[in-house]
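**Student:** Pasted the sequence and its predicted model underneath.
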Amino acid sequence: MSAKEIIKKFYDTDLAKDDSVIDMFHEDCVLHWNSSQGFTSLDKNGINHKLQEVREAFTSFNYKLSHLLQDENTVTARHTVYVTTIENPEQEEPLAHFISIWEVKDGKIYKGYEISQLLDDSTDNMTSFSEIKI
């Protein structure tokens, strides 16, 4: 499986429903994440903890990709996260925009660099995906 196919498989997963997604990550993985909360660095245990938090807070947690680009074992993704909350299970809503750069090693997600921004009311909020580049 190519690096792009591995990352696409990750983004096709509903993180709120799939307990096995942590198996897609390399034992020595690390995620460097810049968010509105500041910088966070997570190892596999930290990523697993975040995944557990997602499963506790949401009934669905899905990605909608606009770009997925590969250069050897590195894949860059631009996407928006859509969630359904436990409090409002009938309404899926966009949560945040991301740009992620992933390195794949030994067929697993090895290193990640992400920057995210919570959804705002701008007119170009990437909720329309008419020109997806995957």
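**Tutor:** Great, that's in hand. Residues are numbered from 1 along each chain as shown.

**Student:** give me every residue that touches G107.
**Tutor:** If you count contacts by Cβ atoms under 8 Å, 6 or more residues apart in numbering, G107 has them with M1, I6. Just so you know, the C-beta spots here come from the backbone N, C-alpha and C atoms, and that holds for glycine as well.

**Student:** one more time with 10 Å
**Tutor:** M1, S2, A3, I6, M24, H26 (Cβ atoms under 10 Å, 6 or more residues apart in numbering).

**Student:** Can you give me the distance of E53 to A16?
**Tutor:** The gap separating E53 from A16 is 10 Å, by Cβ to Cβ, to the nearest Å.

**Student:** Which one's more surrounded, those two?
**Tutor:** Neighbour tally, E53 and A16, criterion other Cβ atoms under 10 Å: the higher count belongs to A16, 19 against 10.

**Student:** Does that one belong to a helix, a strand or coil?
**Tutor:** Counting by DSSP: H, G, I helix; E, B strand; the rest coil, the backbone at A16 sits in coil.

**Student:** Tell me how far H32 lies from K108.
**Tutor:** When distance is defined by Cβ to Cβ, H32 is 17 Å away from K108.
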